[in-house]
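K.L.:
Turn this into a structure:
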Amino acid sequence: MNVNLLDQVRTAVETTGRHLADAFTGQHDLTTWDEVVAAIAAADQRSLSVLRPLLEQARPQAGWVEDELEEGPLPDGEWWLTDPVEGAINYVHGIDEWAVTATLVRDNQPVLTVVHLPLAQVTYTAVAGEGAYLNGRKLTVSGKSELRGAFVATGQASPRETAETWEKIGRSLTAMMGVSGVTRASVPPTLLLVQLAAGRLDVFWQHSSVRSGLLAGALLVAEAGGTVSDLDGRAWSLDSTGFLASTPKIHAEAVATLSRLG
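P.N.:
The predicted model follows:
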């Protein structure tokens with residue numbers, strides 16, 4: 001992968017992050033769901049007005065995924081998959097857990113990703129086959145050797161989740177609470193996956209496969225030495241209906257716990 005391309009993507013994502021941070025107040029006056037939706041749309045547009053032209057200039061031959069909440073495979077070829085405000089629900093409520101992400105996908109495989117947290121001033125990067133990095137420092141997943149004592153996490157993929165998925169989230173949380181040490185349920189998924197890649201979190205799972213919330217983190221975790229699969233332990237792809245990432249030594253235990261839930 002061209003080093004210059006990674007530099008261009010990092011510049012695009014960090015520039016966009018500064019643009020968003022300038023408008024972030026750390027508070028809100030939202031009172032209805034319609035106001036929340038409108039605020040998220042405005043934040044996304046603010047981000048895309050900067051991010052999209054820069055990425056399209058960096059890789060003009062790549063297509064652009066319009067709907068960040070879509071699931072399933074993409075057509076062959078190269079695509080820019082972004083979340084212009086990953087954690088937009090946090091952003092519009094004045095919570096500082098949000099990021100800007102950009103991932104280049106080639107034939108349904110992530111090959112390059114940049115995740116930038118503007119308020120923390122940290123940037124995660126990964127290129128397929130070349131490792132994962134945090135502000136230039138190489139990342140490695142944790143060495144946890146058993147699920148008991150592991151720090152595990154999950155969360156919903158999007159507001160489009162079904163009642164069946166909500167029920168699965170509840171059952172899987174209960175099951176993982178019983179076999180691990182500490183559980184966390186929050187959004188957005190990318191910000192949980194970067195913690196796994198950095199060795200701070202040990203397991204992340206999700207009962208759906210919204211592309212924009214998983215591909216960046218999947219590449220970062222894999223390049224940091226983690227294991228990525230579906231909930232039954234099979235190789236994960238954009239066709240999968242569930243997602244599991246973990247440090248390698250406890251992956252089999254996590255699969256055994258989650259796969260029995262159906």
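
K.L.:
in stretch 185-193, what counts as buried?
P.N.:
The neighbour-count check on stretch 185-193 (16 or more other Cβ atoms under 10 Å) flags Val187, Pro188, Pro189, Thr190, Leu191, Leu192, Leu193 as buried. C-betas here are computed from N, CA, C, even on glycine.

K.L.:
taking the mean pLDDT, what do you get for stretch 234-250?
P.N.:
Rounded to a whole number, the mean pLDDT of stretch 234-250 is 95.

K.L.:
Kindly check the end-to-end length of it for me.
P.N.:
Terminal residues of stretch 234-250 lie 15 Å apart, using Cα to Cα, to the nearest Å.

K.L.:
How far away from the center of its chain is it?
P.N.:
The offset between the C-alpha centroid of stretch 234-250 and the centroid of the whole chain comes to 13 Å, using Cα atoms, centre = their mean, to the nearest Å.

K.L.:
Do a quick rundown of the strands in this structure.
P.N.:
63-64, 78-86, 99-106, 109-117, 122-127, 132-134, 137-138, 151-154, 182-185, 203-206, 227-229, 243-246 (DSSP state E).

K.L.:
Mind putting those into CSV with distance to Thr174?
P.N.:
Formatted as CSV, the entries for those read as follows, by distance: least, Cβ to Cβ, whole Å:
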stretch, distance to Thr174
strand 63-64, 40
strand 78-86, 27
strand 99-106, 29
strand 109-117, 30
strand 122-127, 31
strand 132-134, 31
strand 137-138, 36
strand 151-154, 11
strand 182-185, 9
strand 203-206, 13
strand 227-229, 21
strand 243-246, 17
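
K.L.:
show me where the protein has helices.
P.N.:
Here the chain has its helices, by DSSP state H, at 3-22, 33-58, 88-92, 163-179, 189-197, 211-223, 251-259.

K.L.:
Report the contact partners of Ser208.
P.N.:
With contacts defined as Cβ atoms under 8 Å, 6 or more residues apart in numbering, Ser208 is in contact with Glu71, Gln156, Ala157, Ser158, Glu161, Thr165, Thr241, Gly242, Phe243.

K.L.:
was I right about the last one contacting Val210?
P.N.:
I take that to be Phe243. No - if you go by Cβ atoms under 8 Å, Phe243 and Val210 don't touch, sitting 9.5 Å apart.

K.L.:
circling back to that earlier point, please name whichever of the helices of the chain is nearest to Thr140.
P.N.:
Shortest distance between Thr140 and these, using Cβ to Cβ, is found for helix 189-197: 8.6 Å.

K.L.:
Return the distance of the closest one from the chain's centre.
P.N.:
6 Å.

K.L.:
same for that helix, what does it pack against?
P.N.:
With contacts taken as 3 or more Cβ pairs under 8 Å, 6 or more residues apart in numbering; DSSP states H and E, helix 189-197 sits against strand 78-86, strand 99-106, strand 109-117, strand 122-127, strand 203-206, helix 211-223, strand 243-246.
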